Structure formats: C-alpha cells, structure tokens
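> Give the three-dimensional model of this entry:
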Amino acid sequence: MGAEFAAERRLLSEEELPFVQQSHYPALDAAGREDLIALARWLRAQRARARDIIHERRRLRRGKGEARAGATGAESERGLAAKKQVFARALKRVNHQIAILEARTKRARSVAAMQAAYGARQSATVHHPPGDRTPIPGMRTRPTRVRPNIVTGARIGSVSQAGRNAQAARDNRT
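Presented below is the predicted three-dimensional model:
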C-alpha cells in the first residue's frame, strides 16, 4: 500500500492530496456520515473534471473541435488518466464506507423495532379462553339428528365379490 501512497503524492497537487488522504482507512473510520458525503461529492467532481479534460484533449488530438481556453492538443492525458484513477479509487473507498454506515444504522433501527415489538408482546396480557362450551352471540349450529349413510361392514367388498363370482361362472361355462 505504500507504493500507492507515493504514487498519489506524486500525481496530486497540494490542494488535492489532503482530500484523498481522508479517503484512506484510519481517517475514513473516524469520519462521520456527513463528512463522508461531502468528501464523496468533492471526489466525484474532481473525477468528472479530469474525465472531461481527457475527453477534450482526445477530441483536439483527433481534430474534432476547437481548443477551449487553456487547452492544448500537444499534452498527453496519461498523467491525468492516472490522477482520475486515484480519484476513482478514493471515491470507491468512501462510497463503501458510506454503505457500511448506512447498513449499521438500518440494522440498529431494525433491532430497535424488533425489541419494541417483543417488549409489547411480553407486556401484553395473555388471554386463554376456557376449554368448555361458552355462550357466543348469534346463531349456533345444531347437531344433526339424521344419521349419515354409512356402509355396513357386510356390504363392504360385496361389489368386488360379485364381480369375482360372475367371472368364476363364466370360466366354468367354457
């Protein structure tokens, strides 16, 4: 990781370096959510600026447009592309840290809601109705007095037995 720090120091100006150093981990863990959001906005703007300059230089080199104020086509965009990558990596670290913080707050809210629901359930009185018959308002069903059609034990299997008897009679005829 030391090589990356040295490359960042070499590529960035004195004004840009402190912002990118805030995106590395000892400082990244200490930063609050609002600071991280502000840092992400700044890094995003710097990355977009570098991208736009590279795009403009490539257009000039191809002869597609006129040079804007201060832009010359002879410059190479290699250093600027490396600088853009530094901003992109820093932005990726900051976005990841913001996502971690948001996940922590979401989990804390969820746990608090579950604990509140559990506490409400624990404090609620439990209603256990008695197991016997209780009067209820409205109409109740009466038990039917008509006996359902139940097949007697003697009739069970009689149909299949009749089929067997008929088959035996046919077999004896031949």
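> Could you give the number of residues near R49?
Neighbourhood size, R49 [other Cβ atoms under 10 Å]: 14. All C-beta spots, glycine's among them, are computed from the backbone N, C-alpha and C.
> residues in contact with the residue nearest the centre of the chain?
In the chain, the residue lying closest to the centroid (Cα atoms, centre = their mean) is A103, at 10.0 Å. With contact set as Cβ atoms under 8 Å, 6 or more residues apart in numbering, A103 has no partners.
> Do you know the pLDDT at it?
On pLDDT, A103 comes in at 97.
> Ok, A3 next?
Taking A3 on its own, its pLDDT is 61.
> Quick one: low-confidence residue ranges for this structure.
In the predicted model, the chain carries pLDDT under 70 at residues 1-3, 67-75, 134-136, 174.
> where do the strands sit along the protein?
Read by DSSP state E, the chain holds no strands at all.
> Give me the longest helix you can find in it.
Determined from DSSP state H, the single longest helix within the chain is helix 78-123.
> and that helix, how far from the chain's centre?
Centroid separation for helix 78-123 versus its chain: 12 Å, with Cα atoms, centre = their mean, to the nearest Å.
> Also stretch 55-66?
For stretch 55-66, the distance to the chain centre is 42 Å (Cα atoms, centre = their mean).
> In this structure, mark out all the helices, start to finish.
With DSSP H as the criterion, the chain has helices spanning 2-11, 17-21, 25-30, 33-62, 78-123, 158-173.
> Nearest to R147 among those helices would be which one?
In terms of Cβ to Cβ, the element of the helices of the chain nearest to R147 is helix 158-173, at 20.7 Å.
> With that, I have no additional questions.
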